[in-house]
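Undergrad: Coordinates for the following, if possible.
(one chain, ligands or ions: 2)
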Amino acid sequence: MKRIIIFDTTLRDGEQSPGASLDVNSKVEIAMQLARLGVDVIEAGFPIASKGDFNAVHKVAGSVKGVSICGLARAIKSDIEVCARAVAPAKRPRIHIFLATSKIHMQYKLKKAESEILKLAVWAVEYGRKFCDDVEFSPEDASRSDRDFLCKVVESVIKAGAKTVNIPDTVGYSMPVEFGSLINTIKTKVSNIDKAIISVHCHNDLGLGVSNSLSAIQNGAEQIECTINGIGERAGNASLEEIVMALDTRKDLFDAGTSINKKELYKTSRLVSKLTGIVVQPNKAIVGQNAFAHESGIHQDGILKKRSTYEIIRPQDVGFGGTKLVLGKHSGRHAFNERLRKLGFELNEAELLKAFERFKALADKKKEIFNEDLLSIVEDGIVSIPETYRLEDLSIVSGNKITPKATIGLTKSAKVFKKTSSGDGPVDACYKAIDAITGLKCKLLDYSLKSITGGKDALGEVTVRIKSNKDEVYGRGTSTDIIEASAKAYVNAVNKLIFSRLRKANPESAKLKL
Ligand code: KIV
Ligand code: ZN
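TA: Ligands and ions are numbered 1, 2, ... in the order given. All right, here's what the predicted structure looks like:
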């Protein structure tokens, strides 16, 4: 299998996204995570651009191990010298020099003829090699350059000592077949191409950054320049996570792989989004919030029967929590019932029908139905949870210098059971005392408190999610005293647990129906 080099430019081209400026510490934090992700090269910045960027590249070069650290430079003496100083602390430093080769850039931006550009490119690479063994050269706007001239430049810079030649589709203008053919031309026409790595750098102006990169791989490209979340100048760059997962998912087609630790993809995406302030669109492939979410009844039914009916990637493989079945107006009974089961409700046919009707009516008014909505639907007249245990009394000893203690009295079948426990806080102490009475071993998975009325005597509502063996249930409790609300919520959850186990053991028991 061909090994594709992943050159990550999140900290350079990615940082060129409008408004995405990163300080030194943020760059180091992202670079550390990129190293954990397993990228081969980190382009950490453009050292001549600012003192801050110089410092960031220098610090990344000195602190991030196990990857090549690269800095960008124009074909200008001072750029190359400053870049060389910035990457010097790295064990594997790289200088990346770029110079435009398209007619439009040469004529209007650089005001230089082809012969001058050729000479300058060769000089820049030779000059860079004086400081660093690993020099990469990019003929900027390569995809709009004259192919014969481009091949001449590529051949000359390789002769001058460039180890990698990167072909950028700078303005995202190319089509996949056309870009693949450009790489093929370079591979076949440049006589010394076997002496260098051929790389591509595709922008996303027509939404084709990833497609063009994949087409380049099929035509012999060995290094891909890309960014996390596809951020970058204008519409951004080819997205790292999409390329990595396309190669992985379609190994049959590409016979190429990367060294990326896929389980770190989602975490890296979140970190980059947090530190750059650029939100990831929900429908973004691989790392968007909806990438593994299903709403329609047909899809949810398929997923519940066999996940691969509607998912080509296991969410856990990219570090995502798991498949999400969103309950909304398109959802069906299968997913609805499945969610109720998770909440601890085993409904019979008649109850399910009634609950599903209410759910559909609510879904017409509300975009997404949350677990709390489902609790209200089911507990309001469809299923009444027998109060096996009722909170009778509660007293707490707590303070900032003592271990909190809770004494709880629960009534069961007209008898009061009392226990005292200590805990990490008053709520924890209450829950331990309740467990000691019920004999159930419960793990608290979630706890949330909200105020449902205003003012100092506001009514607080506590929602808890607990797990005992494989059963998970929610419980709710309200009181003006938040410790009491917490205890009530826990007792409510325990009662549901007991009820749901009884129902599982005896689903048709008339006693248990309303
Ligand atoms: O898009 C581009 O051409 C670049 C070069 C500096 C490689 O970012
Ligand atoms: Zn670019």
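
Undergrad: what are the ranges of the strands in the stretch 351-500 of the chain?
TA: 390-397, 405-412, 415-422, 443-451, 460-468, 471-479 (DSSP state E, counting those that start in this stretch).

Undergrad: ok, the second one: who's next to it in the sheet?
TA: What it means is strand 405-412. Neighbouring strands of strand 405-412 in its sheet, by DSSP bridges, are strand 390-397 (antiparallel), strand 415-422 (antiparallel).

Undergrad: Just send the ones you listed back as TSV, with mean neighbour count and mean pLDDT too.
TA: The way it works is simple: take the backbone N, C-alpha and C, and place the C-beta from them, glycine included. Shown next, in TSV, are these (neighbours: other CB atoms under 10 Å; pLDDT from 0 to 100):
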stretch	mean neighbour count	mean pLDDT
strand 390-397	15	96
strand 415-422	14	97
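
Undergrad: Turn those into JSON lines, including distance to ligand 1.
TA: What follows is those, written out as JSON lines (distance: least, CB to the nearest ligand atom, whole Å):
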{"stretch": "strand 390-397", "distance to ligand 1": "62"}
{"stretch": "strand 415-422", "distance to ligand 1": "61"}
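
Undergrad: out of those, which comes closest to T463?
TA: If you check each of these against T463 by CB to CB, strand 390-397 wins as the nearest, at 16.2 Å.

Undergrad: which residues touch that closest one?
TA: Where contact means CB atoms under 8 Å, 6 or more residues apart in numbering, the residues beyond strand 390-397 that reach it are 404-412, 416, 426, 429-430, 483-484, 487-488, 491.

Undergrad: Would you pull up how far it lies from the middle of the chain?
TA: Distance of strand 390-397 from the chain centroid (CA atoms, centre = their mean, to the nearest Å) equals 44 Å.

Undergrad: Quick one: closest of the strands of the stretch 351-500 of the chain to L182.
TA: Of all these, strand 443-451 sits nearest to L182, with 53.3 Å by CB to CB.

Undergrad: Spell out which parts of the chain neighbour ligand 1.
TA: Proximity of the chain to ligand 1, by CB under 6 Å from any ligand atom, involves residues 13, 72, 98, 138, 140, 166, 168, 170, 201, 203.

Undergrad: and those residues, which of them are in strands?
TA: Those of the residues of the chain next to ligand 1 mapping onto strands are 72, 98, 138, 140, 166, 168, 201, per DSSP state E.

Undergrad: Hmm, the first one is touching V82, no?
TA: Yep, that's L72 we're talking about. No - between L72 and V82 there is no contact under CB atoms under 8 Å: 10.7 Å.

Undergrad: higher neighbour count, these two?
TA: For L72 versus V82, neighbours defined as other CB atoms under 10 Å are more numerous around L72 (25 against 19).

Undergrad: which helices and strands does the worst-scoring helix or strand of the chain on mean pLDDT pack with?
TA: Within the chain, confidence by mean pLDDT, DSSP states H and E is lowest for helix 371-379 among all helices and strands, at a mean of 85. Applying 3 or more CB pairs under 8 Å, 6 or more residues apart in numbering; DSSP states H and E, one finds that helix 371-379 contacts helix 333-342, helix 349-363, strand 471-479.

Undergrad: hmm, back to that, which stretch among the strands of the stretch 351-500 of the chain comes nearest S78?
TA: strand 443-451 (56.7 Å).

Undergrad: which residues are in contact with the closest one?
TA: By CB under 8 Å, 6+ apart, the surrounding residues in contact with strand 443-451 are 427, 431, 458-468, 472, 482, 485-486, 490.

Undergrad: Kindly indicate whether the closest residue to L240 other than its chain neighbours is helix, strand or coil.
TA: Using CB to CB, 6 or more residues apart in numbering and skipping the chain neighbours, the partner closest in space to L240 is C226 (4.2 Å). Secondary structure for C226, judged by DSSP: H, G, I helix; E, B strand; the rest coil, is strand.

Undergrad: right, and C226 touches T9 too?
TA: Yes - C226 is in contact with T9 according to CB under 8 Å; the separation is 7.1 Å.

Undergrad: list residues touching both of those two?
TA: Contact with both C226 and T9 is made by residues N237, according to CB under 8 Å, 6+ apart.

Undergrad: What residues sit buried inside the least confident helix or strand of the chain?
TA: 371, 373-375, 377-379 (16 or more other CB atoms under 10 Å).

Undergrad: How about residues contacting it?
TA: Helix 371-379 is contacted from outside by 327, 339-340, 343, 345, 347, 355, 358-359, 362, 366, 385, 463, 474, 476, using CB under 8 Å, 6+ apart.
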